[in-house]
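A.B. asks: one predicted model, sequence on top.
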Amino acid sequence: MNKLAAIIILLFPSSLWAEQPKDWQLGFQKAASKSMEDIVWFHDYMLLPIITAITAFVLFLVIYACIRFRSSRNPIASKTSHNTLIEIAWTLVPCLILIVMAVPSFKVLYSQDEIPPADVTIKAIGYQWYWGYEYPDENIIFESYMIEEKDLLPGQPRLLTVDNEIFVPVDKVVKVLITANDVLHAWALPSFGVKRDAVPGRINETWFKADRTGTFYGQCSELCGIKHAFMPITVNVVSQEEYEKWLIEAKQKFAKDNNNKNMKLVKKILEERK
Ligand SMILES: [Cu+2]
């Protein structure tokens, strides 16, 4: 029974995993957006069969050549060095394989690149070592730090839980503006098929449309220093009503003006100290 379960898991890895990485995971996390579904399809039904076929074919050729052309059977070695037909074939066939792969690959790439009119815009700013978030249209700004292992509540995943999570509505286009304030970071969320570099002095953009509710985890994906592994990303996908409820709370808790007021206060205190 256990063996059967193991075989099933090996055969269908991407369909079983939820929104966070699991021990001994094979394959992708479960897709939660059209664009990740396209990526999973491209990997499972295009790349994997092609890679398997090429590997099996090359293995067959190597074994065949070892047996058929072994020295005991061919005491006098052949001096053949050219075969026009084979040379044309082994140039053309890989070209055709590349063209066949390129068509769906570019389709996925362009669908990710063209951002539809956004319902929600989020700005993610990478810092050493946490993420800052801004909802520019809502006047919300906050910081999102990882929760240390000793402070985790039961059920909260290690190295993935943050203090302030992002909330987005389900089935809505979320545009993410991504930048950094010190070094290169990357904002990545596997279930949405999203990964973009956060570059200081430059704004990259991407988008996703989550097709189900839940909590989704990602991590910084650009080696950015000693605590690179400790700046996770948590996105709560909720219904429109819950999102609006959160907005009301967040506008009070994370109001941008308050933040500026706090900054003014800090500056005033610092000046007084001088
Ligand atoms: Cu980083």
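C.D. replies: Happy to help now that I have it. Here the structure is a predicted model, which is why all the values come from computation and not from measurement. Numbers count the residues shown, from 1 in each chain.
A.B. asks: how much space between residue 234 and residue 48?
C.D. replies: 30 Å (Cβ to Cβ, to the nearest Å). (Glycine included, C-beta is placed from N, CA and C.)
A.B. asks: low-confidence regions, this structure specifically.
C.D. replies: 1, 4-18, 258-262 (pLDDT under 70).
A.B. asks: what's the domain layout of it?
C.D. replies: Using automatic domain parsing, the domains assigned to the chain come out as 31-113, 120-265.
A.B. asks: endpoint to endpoint, the shortest one covers what distance?
C.D. replies: As for domain 31-113, its first-to-last residue distance stands at 18 Å under the measure Cα to Cα, to the nearest Å.
A.B. asks: hang on, the earlier thing: looking at residue 234 and residue 48, which is more packed in?
C.D. replies: A count of neighbours by other Cβ atoms under 10 Å puts residue 234 above the other of residue 234 and residue 48, at 25 against 12.
A.B. asks: contacting residues for the more buried one?
C.D. replies: Residues in contact with residue 234, defined by Cβ atoms under 8 Å, 6 or more residues apart in numbering, are 144, 160, 161, 162, 165, 166, 215, 216, 217, 218.
A.B. asks: need the residues you listed in a markdown table (columns: secondary structure).
C.D. replies: Converted to a markdown table, these look like this (DSSP: H, G, I helix; E, B strand; the rest coil):
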| residue | secondary structure |
| --- | --- |
| 144 | strand |
| 160 | coil |
| 161 | coil |
| 162 | strand |
| 165 | coil |
| 166 | strand |
| 215 | strand |
| 216 | strand |
| 217 | strand |
| 218 | strand |
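A.B. asks: now the buried members of these.
C.D. replies: Among these, those buried by neighbour count (16 or more other Cβ atoms under 10 Å) are 144, 160, 161, 162, 165, 166, 215, 216, 217, 218.
A.B. asks: closest to residue 43 out of the residues you listed?
C.D. replies: residue 218 (18.3 Å; Cβ to Cβ).
A.B. asks: just the element for residue 257, please.
C.D. replies: In the assignment (DSSP states H and E), residue 257 maps to helix 256-273.
A.B. asks: give the other helices and strands that that helix contacts.
C.D. replies: Applying 3 or more Cβ pairs under 8 Å, 6 or more residues apart in numbering; DSSP states H and E, we find helix 256-273 packed against strand 140-144.
A.B. asks: the strand it packs on near the ion at all?
C.D. replies: No - Strand 140-144 lies out of reach of the ion by Cβ under 5 Å from the ion, never closer than 12.3 Å.
A.B. asks: which SSE is the residue in the stretch 1-150 of the chain that the ion sits nearest to in?
C.D. replies: Nearest to the ion, among the residues of the stretch 1-150 of the chain, is residue 126, at 5.3 Å (Cβ to the ion). Per DSSP H and E: residue 126 is located in strand 120-127.
A.B. asks: orientation of that strand relative to strand 140-144 in degrees?
C.D. replies: Between strand 120-127 and strand 140-144, the angle comes out at 40 degrees (axes from the mean of the first three to the mean of the last three Cα atoms, to 10 degrees).
A.B. asks: need the contact partners of strand 120-127.
C.D. replies: 131-137, 143, 166, 168-169, 172-187, 198, 220, 224, 231, 233.
A.B. asks: inside strands: which ones of the residues you listed?
C.D. replies: Mapping these onto strands (DSSP state E) picks out 131-135, 143, 166, 168-169, 174-180, 185-187, 198, 220, 233.
A.B. asks: list the contacts of the residue most central in space within the chain.
C.D. replies: The centroid of the chain falls nearest to residue 190 when counting by Cα atoms, centre = their mean (3.4 Å). When the contact criterion is Cβ under 8 Å, 6+ apart, the partners of residue 190 are 21, 28, 29, 36, 218.
A.B. asks: number of nearby residues for residue 180?
C.D. replies: Neighbours of residue 180 under the rule other Cβ under 10 Å: 27.
A.B. asks: among the contacts of residue 190, name the buried ones.
C.D. replies: Burial by neighbour count, 16+ other Cβ under 10 Å: within these this picks out 28, 29, 36, 218.
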